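S.K.: Need coordinates for the below:
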Amino acid sequence: MGAALVTEHVERRLSAILAADVAGYSRLIGSDEEGTLARLTAHRRELIDPKIAEHRGRIVKTTGDGFLAEFASLVDALRCAVEIQKGMAERNAGQPPDRQIAFRMGLHLGDIIHQEGDIFGDGVNIAARLEALAEPGGICISDDVCRQVRGKIDVAVEDLGERQLKNIAQPVRVLRVRMGTPSAASAPRPALSLPDKPSIAVLPFQNMSGDPEQDYFADGVVEEIITALSRMRWLFVIARNSSFTYKGRAVDVKLVGRELGVRYVLEGSLRKAGNKVRITGQLIDCATGAHLWADRFDGALEDIFDLQDQVTTSVVGAIAPRLEQAEIERAKRKPTESLDAYNCYLRGIASFHGWTREANQEALGMFKRAIELDPDFASAYGLAARCYSQRKSHGWMGDHANEIADAEQMVRQVKKLGGGDAVALCSAGFALGHLVGKVEDGDAMVDRALVLNPNLAIAWLFSSWGKVWLGQPELAIERAARAMRLSPQDPYLCSMMAATAYAHFIAGRMSEALSWAERSIQEKPDYLPVPTRILAAGLAFTGRQTEAQSAVARLCEIDPTFRLSNLEDRVPLRRPEHLARLAEGLRKAGLPE
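M.R.: The predicted model follows:
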């Protein structure tokens, strides 16, 4: 008789898996090993372990910088994760940045194998991959989690699209939990009515090259199409920054039309192999989902600008067949004949939108390299000047005098070369006012950019700031509103809101100023210095002294050199009474002289 076949029983169950680790753990340990370990132990003992127990979860295991927890209920798991992250934010408040401990978290619902107290399986691996995608202090969840908790817990989420996770066979739809106050974060944006002229959004093209490094090239093609379409005064074109919030997401064009307030959407793909490029595009009516036009364009790499022109011309022709050929021809403008310079310029744009000191430095280097390769490239000069302005806004400047001198040289080159380039003119004009203090001259450059391209949202934003500095609050509010309408989901929405806050402040409307400043901070907490100045002054004027002092403390922590004596450099208000009002409010709030 042969030996009996014995099958070992494997215990499986469906569980909510929460994976967490400390962002920047190696850096924290390297700078203060004993202190970091002591603070992490205290966070575990006083916050994390009690919260997991309170929500009926169990810690499966801990690592040096994180933990893995299991819950029977997804709702409990997500509530626990949110409460831990909020608790960590409170515990970090007032701590210097180099002492703050921030967790990234990933949550997934999956079938797991339970063995000797540990858990295994794809569900665990997916939770760990989601955690790696989260921001410090943030939570990423899978689509399975989102479906199960919808309507059961008051949180808002942002769809990041399908992602191919490492060692996971099928793509996973990823969503980011928005960590603001639930009521504010989940409040829908107001419905946008269609403009009284043809309106279009160009969505990011899918990179089909099989090389993630080519994303910047596909993005650059889309940017050029947006720019070309924007020069058509009869078209309403959504700005690049709002269109690109849909990057990497599987989208419903009807929903995009409602969210952006447009009638048409252009989507497509780009495949680059060797010296060959193929661009495909299709134009869709958002109301019906009908495909109005589709085409494919093949060419050599050196003909990329001609391919962009072909796509632009075909789209314009599909929207208005009777458009005169002369108007189409005016849309065909090549930024430079040097493909190497153009590649550097595109890489610079991709880095610039990273919003970090390192990304800014990389972008500036790319724009300068583009200038070296093509000294007549006006847009590269303009974006380089804008890099310096971004550095000043965030307190990243090194040698202040030399960087301002360098920015002023970039502006001079734009004046010399960029008479027909709206992006170059508005970028240089903003830098001229913000960095150099020549507000009137900078505002005039931005106005010229708006004549060239009335659909350029960033130019309306820069114009709004110019009007704030010149003491024209109603014009500033009107122009910021125009920028928000052209780009309703823009990463620079925080700046549009901040400009509106400043305008209301100099007009003496403290309640409105505070509301817009708070909205700006909520929209992008990394943008603290600019709106927090108005927040602190407005709180002081309205008698909320404790909150005003707290806001000033945050300002001084972010920028230790900020004083009343250098206020005019930070905020170049031209009217003495407006500067005096801001100084008085900040003085009341406790800003040192």
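
S.K.: Pull out the buried positions in stretch 440-448.
M.R.: Buried residues in stretch 440-448, defined by neighbour count with 16 or more other Cβ atoms under 10 Å: Gly442, Asp443, Met445, Val446, Asp447, Arg448. Just so you know, the C-beta spots here come from the backbone N, C-alpha and C atoms, and that holds for glycine as well.

S.K.: where does the third one land on pLDDT?
M.R.: Pointing back at Met445 there. pLDDT, Met445: 95.

S.K.: Leaving out the residues flanking it, which one is nearest to it?
M.R.: The shortest distance from Met445 to any non-neighbouring residue, by Cβ to Cβ, 6 or more residues apart in numbering, is to Gly429 (3.0 Å).

S.K.: show me what contacts the one you found?
M.R.: Contacts of Gly429 were listed using Cβ atoms under 8 Å, 6 or more residues apart in numbering, and they are Val411, Asp441, Gly442, Asp443, Ala444, Met445, Val446, Arg448, Ala449, Phe462, Gly466.

S.K.: Following element in sequence after the lowest-mean-pLDDT helix or strand in the chain, please.
M.R.: Least confident element among the helices and strands of the chain, by mean pLDDT, DSSP states H and E: helix 182-185 (a mean of 37). Downstream of helix 182-185, the next assigned helix or strand under DSSP states H and E is strand 199-202.

S.K.: quick one, helices of the stretch 251-400 of the chain?
M.R.: 253-260, 304-319, 325-330, 339-352, 357-373, 378-393, 400-417 (DSSP state H, counting those that start in this stretch).

S.K.: now do the stretch 1-150 of the chain
M.R.: In the stretch 1-150 of the chain, the segments counted as helices under DSSP H, counting those that start in this stretch are 25-31, 33-43, 49-54, 74-92, 122-133, 143-149.

S.K.: outside of stretch 242-254, which residues touch it?
M.R.: Contact with stretch 242-254 is made by 159-163, 173, 201-204, 219, 222, 226, 256, 260, 265, 267, 284, 286-287, 289, 353, 457, 486-491, as judged by Cβ under 8 Å, 6+ apart.

S.K.: Quick check: Glu403 touching Ser389?
M.R.: No: contact criterion Cβ atoms under 8 Å: Glu403 and Ser389 do not qualify, at 10.2 Å.

S.K.: can you redo the buried residues of stretch 440-448 as JSON lines with secondary structure and distance to Tyr345?
M.R.: Converted to JSON lines, the buried residues of stretch 440-448 look like this (DSSP: H, G, I helix; E, B strand; the rest coil; distance: Cβ to Cβ, whole Å):
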{"residue": "Gly442", "secondary structure": "helix", "distance to Tyr345": "22"}
{"residue": "Asp443", "secondary structure": "helix", "distance to Tyr345": "26"}
{"residue": "Met445", "secondary structure": "helix", "distance to Tyr345": "20"}
{"residue": "Val446", "secondary structure": "helix", "distance to Tyr345": "21"}
{"residue": "Asp447", "secondary structure": "helix", "distance to Tyr345": "25"}
{"residue": "Arg448", "secondary structure": "helix", "distance to Tyr345": "21"}
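
S.K.: want to throw the residues you listed into CSV with distance to Thr500?
M.R.: Formatted as CSV, the buried residues of stretch 440-448 follow (distance: Cβ to Cβ, whole Å):
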residue, distance to Thr500
Gly442, 20
Asp443, 17
Met445, 22
Val446, 17
Asp447, 19
Arg448, 24
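
S.K.: List the contacts of the residue nearest the centre of the chain.
M.R.: The chain has Pro491 as the residue nearest its centroid, 3.9 Å off, counting by Cα atoms, centre = their mean. Contacts for Pro491 (Cβ under 8 Å, 6+ apart) come out as Asn241, Thr245, His353, Trp355, Lys524.

S.K.: number of nearby residues for the residue lying closest to Ser379 once chain neighbours are set aside?
M.R.: Residue nearest to Ser379 in three dimensions, not counting chain neighbours: Ala424, with 4.8 Å by Cβ to Cβ, 6+ apart. Here the number of neighbours of Ala424 (other Cβ atoms under 10 Å) works out to 29.

S.K.: element containing Ala424?
M.R.: Counting by DSSP H and E, the element that carries Ala424 is helix 422-431.

S.K.: Report the distance from that helix to the chain centre.
M.R.: Averaged C-alpha coordinates place helix 422-431 at 20 Å from its chain's average position (Cα atoms, centre = their mean, to the nearest Å).

S.K.: again, but for stretch 62-75
M.R.: The answer for stretch 62-75 is 29 Å, by Cα atoms, centre = their mean.

S.K.: How about residues contacting that stretch?
M.R.: Contacts of stretch 62-75 (Cβ under 8 Å, 6+ apart): 15-22, 25, 40, 44, 48, 52, 55-61, 77, 80, 103, 107, 109, 112, 119, 124, 127-128, 131, 145, 148-149, 152-153.

S.K.: Show the low-confidence segments of the stretch 251-400 of the chain, by residue range.
M.R.: 313-314, 316-339 (pLDDT under 70).

S.K.: where's the residue nearest to the centre of the chain, which helix or strand?
M.R.: Judged by DSSP H and E, Pro491 forms part of no helix or strand.

S.K.: next one: phi and psi at it?
M.R.: For Pro491, the backbone dihedrals (degrees, to the nearest 10) come out as phi -60, psi -20.

S.K.: gap between it and Asp526?
M.R.: Separation of Pro491 from Asp526 (Cβ to Cβ, to the nearest Å) stands at 10 Å.

S.K.: what domains does the record give for the chain?
M.R.: Following automatic domain parsing, one finds the domains of the chain at 13-185, 199-333, 335-454, 472-593.

S.K.: which SS state does Met497 fall under?
M.R.: helix (DSSP: H, G, I helix; E, B strand; the rest coil).

S.K.: Just give me the neighbour total for it.
M.R.: By other Cβ under 10 Å, the residues close to Met497 number 24.

S.K.: Good, we can wrap up now.
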